[in-house]
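just a sequence and a predicted model for now, questions to come.
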Amino acid sequence: MPKMTASPQVASRTVRLCAKTTPGYTHADGLTEESARLVSELLTTNHASYHTRWKGTFHNHIVHHLLALWALGATPDEIQYMWEYNTFYQTPVERPHGTAPVDLDLSDPVLFKKCLGNDDFYADFLKFFENEIAEKGVPAVLREYLLKGDERANDIFCRMYTDLVHPMIHLGCGLEFNQPSIVAEALAGACVHVNYPAQFLLPTEEYVKSNPGAPTKSLLQILEGLHQDPEISSGVRDTDPFNKIPDGLLKRVTPEKFVPYLSEFRVQPTEEDLQRKMSEVMHTCAYVLGAAQRPGKSEKMDFVILHGVTLTVFYPAILAQDWLTNEEKARLLEAKARVDAVLYAGCRTPTLYPSRIVNYEPRHPDDGWTQLFHRSIIYPDEGHVVKVIRALFSLEQLSESLPSDFPIMKKDFFNIAHMAVDTVETAIKPDGHKMPADVSDAIEEQVGEGGEMVTGNMKRFVFYGGLDKAWDFVPDLGEPVIT
């Protein structure tokens, strides 16, 4: 990794961006030092002040949001506005009083394990990983706590991919922009999340070791297999709790059922196969996001599937880490694709309609990437829009060609980017959604501060789009929207 100019102790607690040295792997031209300084200052404040989640369940997206804004060329005023838009509802980083002794010695493996999965100990884990990184450096810490292959590392490895892959997105931010403090946040965030991915990731790895000659398939073929499987394709129901993957899908569909499908995606530890499979995963995730539509309904992006897309943007940077072995890179990519398959199953395997992408008519057809960047930068949300646009733009940098039987062509991915911005802009127009005011008001009252962010996402996106009820608030196709 490039050397940091700050001391290890400072680097593990602060953010320092530079237009020349840390623009990210996917970025706009003309990044400025003024924006770099402001994002550095704000993310250092976020690191010291705010928890990885707010209200104990919703995620703090400030790191993901501001780094995407920075990479796509946002001005200081635009960055400051989005910071203020999203900080007032965050939860303080401090652990609640009385939950444990003031100083926890997480170097004790027994205590470390006891604190896993508990939001109250985020600040303790953060301090622990700050110190570990300051002493040993990012590569050594990630190898010990994420990639070593022992019980603890495997546990944290799986937690990275939990809860719509938020911890892994966070780790991608730290690695792509070379920020040790954000790597510490990612590890701490993973440690306080529940670990449902362990139910299928580790058994799949064991299955592959025991069946090395088993057939392989593309990720898209695996998704098609899940869609055709009656048990998996009906594994989620409208009546399930909101977190339908751990609380619905994985309570009905056993690991023994999932593993044979997930094991079909494998990556050889060679540079050629790593790049080819990375391109496959990135294009497939974007295709599913655009194609998972509903006949008779206006276009919407699925909030769950979207997270798989916004994680893909970091894999070029992850695979470029020269301290990672090819075997470690292959494992990280395999886990990502297998989680993508479970996210798709968790949305009740929505039918994919490539024609909805190919035939999509953008609201502003003359807009190029520069205009889409700007529209996503100024869109008032918690960062999902600008993140998905950066992820879709990253496809432009991939040299690998699509398979001849892929459902859409390379040029069609630009339509998905238009669709992503068009649909969220339309959602905040009069008649752009069908959520009744009493429903919106009740949710915002229940959540309290930040509630409008929750209802905003419910208007902008669909959740678990293979379910009929997911589309209740979406206007019918062709229904006029006042612009």
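Arrived safely, thanks for sending. Just so it is clear, the model here is predicted, and its values are computed rather than measured.

quick check, Ser404 in a strand?
No: with DSSP: H, G, I helix; E, B strand; the rest coil as the criterion, Ser404 is located in coil rather than a strand.

any idea how many residues pack against it?
Under the neighbour criterion other C-beta atoms under 10 Å, Ser404 is assigned a count of 5. Every residue, glycine included, has its C-beta placed from N, CA and C.

with Gly213 instead?
Neighbouring residues of Gly213 were enumerated by other C-beta under 10 Å; the total is 4.

how near is it to Phe121?
Applying C-beta to C-beta, to the nearest Å, the value for Gly213 to Phe121 is 44 Å.

same thing with Val358?
As judged by C-beta to C-beta, Val358 and Phe121 stand 49 Å apart.

and the strands in this protein?
53-54, 58-59, 301-302, 461-462 (DSSP state E).

next, count neighbours for Glu185.
Other residues near Glu185 number 30, with proximity taken as other C-beta under 10 Å.

list the contacts for it?
With contacts defined as C-beta atoms under 8 Å, 6 or more residues apart in numbering, Glu185 is in contact with His47, Thr52, Val63, Leu126, His170, Gly174.

which residues touch the third one?
When the contact criterion is C-beta under 8 Å, 6+ apart, the partners of Val63 are Leu43, Asn46, His170, Cys173, Ile182, Glu185.

show me what the helix or strand of the chain with the lowest mean pLDDT is packed against.
Per-element confidence for the chain was summarised using mean pLDDT, DSSP states H and E. The lowest value among helices and strands belongs to helix 8-11, with a mean of 82. Helices and strands in packing contact with helix 8-11 are listed as helix 122-136, helix 180-191; criterion 3 or more C-beta pairs under 8 Å, 6 or more residues apart in numbering; DSSP states H and E.

so which of the ones you listed is the most surrounded?
The highest average neighbour count among those, using mean count of other C-beta atoms under 10 Å, belongs to helix 180-191 at a mean of 28.

so it versus helix 122-136, what angle?
The directions of helix 180-191 and helix 122-136 differ by 130 degrees, with axes from the mean of the first three to the mean of the last three C-alpha atoms, to 10 degrees as the criterion.

now helix 180-191: how far from the chain's centre is it?
A distance of 15 Å separates the C-alpha centroid of helix 180-191 from that of its chain, computed with C-alpha atoms, centre = their mean, to the nearest Å.

tell me the confidence at Leu31?
Reading off the per-residue confidence, Leu31 sits at a pLDDT of 98.

returning to that earlier point: nearest to Gly466 among the helices and strands packed on helix 8-11 would be which one?
With C-beta to C-beta, the closest approach to Gly466 among the helices and strands packed on helix 8-11 belongs to helix 180-191: 27.8 Å.

any idea of the mean pLDDT in that closest one?
Per-residue pLDDT values over helix 180-191 give a mean of 98.

hang on, the earlier thing: give me the more crowded residue out of Val358 and Phe121.
Counting neighbours by other C-beta under 10 Å for Val358 and for Phe121 shows that Phe121 has the greater number, 23 against 15.

my guess is the more buried one contacts Phe112. True?
No: judged on C-beta atoms under 8 Å, Phe121 makes no contact with Phe112 at a distance of 9.7 Å.

what about the helices in the stretch 201-350 of the chain?
With DSSP state H, counting those that start in this stretch, the ranges of helices along the stretch 201-350 of the chain come out as 201-210, 219-228, 230-233, 244, 250-252, 255-262, 271-291, 303-312, 315-319, 326-346.

highest mean neighbour count out of those?
For the helices of the stretch 201-350 of the chain, the stretch with the most neighbours on average is helix 303-312, a mean of 25; neighbours defined as mean count of other C-beta under 10 Å.

what's the closest of the contacts of Glu185 to Met82?
Distance ranking of those against Met82, using C-beta to C-beta, places Val63 first at 12.2 Å.

out of the contacts of Glu185, which comes closest to His418?
Comparing these against His418 with C-beta to C-beta picks out Val63 as the nearest, at 26.9 Å.

with distance to Lys148 added, can I get the helices and strands packed on helix 8-11 in TSV?
Written out in TSV, the entries for these read as follows (distance: least, C-beta to C-beta, whole Å):
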stretch	distance to Lys148
helix 122-136	13
helix 180-191	13
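
among those helices, which is nearest Leu116?
helix 180-191 (5.6 Å).

pLDDT below threshold where in this structure?
Counting by pLDDT under 70, the low-confidence segments of the chain come to 1-5, 97-101, 480-483.

tell me how far the nearest residue to Phe112 once chain neighbours are set aside lies from Phe303.
Using C-beta to C-beta, 6 or more residues apart in numbering and skipping the chain neighbours, the partner closest in space to Phe112 is Leu106 (4.8 Å). Leu106 sits at a distance of 33 Å from Phe303 (criterion: C-beta to C-beta).

so what's the residue count around Lys459?
Here the neighbour count serves as a burial measure; for Lys459 (other C-beta under 10 Å) it reads 18.

report the contact partners of it.
Lys459 is in contact with Ala427, Ile428, Gly432, His433, Met435, Phe473, counting by C-beta under 8 Å, 6+ apart.

just the buried residues of those.
Under a neighbour-count criterion of 16 or more other C-beta atoms under 10 Å, the subset of the contacts of Lys459 counted as buried comprises Ala427, Gly432, His433, Phe473.

what two of the residues you listed are the furthest from one another?
Gly432 and Phe473 (10.0 Å).

any idea how far Leu306 is from the nearest residue to Glu334 once chain neighbours are set aside?
The shortest distance from Glu334 to any non-neighbouring residue, by C-beta to C-beta, 6+ apart, is to Val267 (5.3 Å). Distance of Val267 to Leu306, given as C-beta to C-beta: 24 Å.

picking up where we left off before, wait, the residue nearest to Glu334 sits on Leu332?
No: counting by C-beta under 8 Å, no contact exists between Val267 and Leu332, whose distance comes to 9.2 Å.

what sits against the closest residue in space to Leu171 that isn't next to it in sequence?
The shortest distance from Leu171 to any non-neighbouring residue, by C-beta to C-beta, 6+ apart, is to Ala186 (3.8 Å). With contact set as C-beta under 8 Å, 6+ apart, Ala186 has these partners: Met160, Pro167, Met168, His170, Leu171, Cys173, Gly174.

how far away from the center of its chain is stretch 115-134?
Centroid separation between stretch 115-134 and its chain, computed with C-alpha atoms, centre = their mean, is 21 Å.

ditto for stretch 440-456
Put simply, stretch 440-456 sits 22 Å off its chain's centre (C-alpha atoms, centre = their mean).
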